[in-house]
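Participant: Prediction below, plus the sequence it came from.
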Amino acid sequence: MISRLVGKLVYKKPPELLIDVHGVGYELLASMSTFYHLPEPGEEICLYTQLIVREDSHTLYAFHDVNEREMFRELIKVNGVGPKSAITILSSITPEEFTLAVMQQDTARLTKLPGIGKKTAERLVIEMRDRLTASASDSPYTGLPASTHVRPDRLAQQEAISALIALGYKPAEASRAISHVPDCDKLSSEEIIRAALKQLMR
C-alpha cells in the first residue's frame, strides 16, 4: 500500500493535485482541509495517502496529517459512506468537530454536512461512536488517535480548541477565534487560549 508521498507539488486544483516523486507523477484527490495546508506549486510536500481500489479505478486520496487520514478510514467503514462522501465530509468539518458531534449524538449538526441526510447521520452516530471512543486520546473532544506524527504547532492549536470546547464554546466558535490569533503556530496552547478568549469576549 502507498502510505505516504514526499515530492514536489506540480499543480493543485480542488479536489485534484499532482505530485512529482523522483520523476513519477501521482494524481491525488484531497479534502479542502488538506488544500488549505498545501504550499505553492514547485515546493516540496509530504502527504499521507490512502489507496482505494475499485473494479474500474485505483484512486489515491491525500491528507495533510495522519489524523485526517484515520478519520477518513473510519468514515468509509460506515455503510453508505464512500470515499468521495468521506472527502466531502472532511472538507466541511474538522475531525475534532466531527468526533464531538458523534459523541454528543448531534445528528442535527451532522445533517448540515453536504449529502448527509437524517438516516445517514443516525448511522454515523451508531456505527462510529464506539470506534471513535476507542481511538481517541485522553481528551474526549480531540478525536485524535494516539500518534507521534502530530506537528507540535498543530498539537498546541488542537489542545486550545479542546480547552475552549470544554469551557462551553461551540467547535466552530473555538476554531474561528483561534484562526484570528496572530502567529499562533509559534505560541503554546496556554497562550493561544488566552488570546482566543480575548477574541471571544469582544
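Facilitator: Happy to help now that I have it. Numbers count the residues shown, from 1 in each chain.

Participant: And what about Met128, helix, strand or coil?
Facilitator: For Met128, the assignment made with DSSP: H, G, I helix; E, B strand; the rest coil gives helix.

Participant: Give the burial count for it, as a bare number.
Facilitator: 21 (other CB atoms under 10 Å). All C-beta spots, glycine's among them, are computed from the backbone N, C-alpha and C.

Participant: Checking my notes, Lys9 in a strand, right?
Facilitator: To be clear, residue 9 is Leu; Lys isn't right here. Yes. Leu9 forms part of a strand when assessed by three-state DSSP.

Participant: Which neighbouring residues are in contact with it, exactly?
Facilitator: 17-19, 38-45 (CB atoms under 8 Å, 6 or more residues apart in numbering).

Participant: again, only using 6 Å
Facilitator: 41, 43, 45 (CB atoms under 6 Å, 6 or more residues apart in numbering).

Participant: For it, give its distance to Tyr26.
Facilitator: Going from Leu9 to Tyr26 by CB to CB, to the nearest Å gives 11 Å.

Participant: if we can go back for a sec, select from the contacts of Leu9 the one having the most neighbours.
Facilitator: Ranked by the number of neighbours (other CB under 10 Å), these place Ile45 first, at 18 neighbours.

Participant: quick one, what contacts that one?
Facilitator: Leu9.

Participant: Tell me the bridge partners for it.
Facilitator: Gly7 (DSSP bridges).

Participant: Can you add distance to Pro114 and pLDDT and give the contacts of Leu9 back as CSV?
Facilitator: Formatted as CSV, the contacts of Leu9 follow (distance: CB to CB, whole Å; pLDDT from 0 to 100):
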residue, distance to Pro114, pLDDT
Pro41, 27, 94
Glu43, 30, 96
Ile45, 26, 95
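
Participant: now those residues in a markdown table, with distance to Lys13?
Facilitator: Shown next, in a markdown table, are these (distance: CB to CB, whole Å):
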| residue | distance to Lys13 |
| --- | --- |
| Pro41 | 10 |
| Glu43 | 16 |
| Ile45 | 15 |
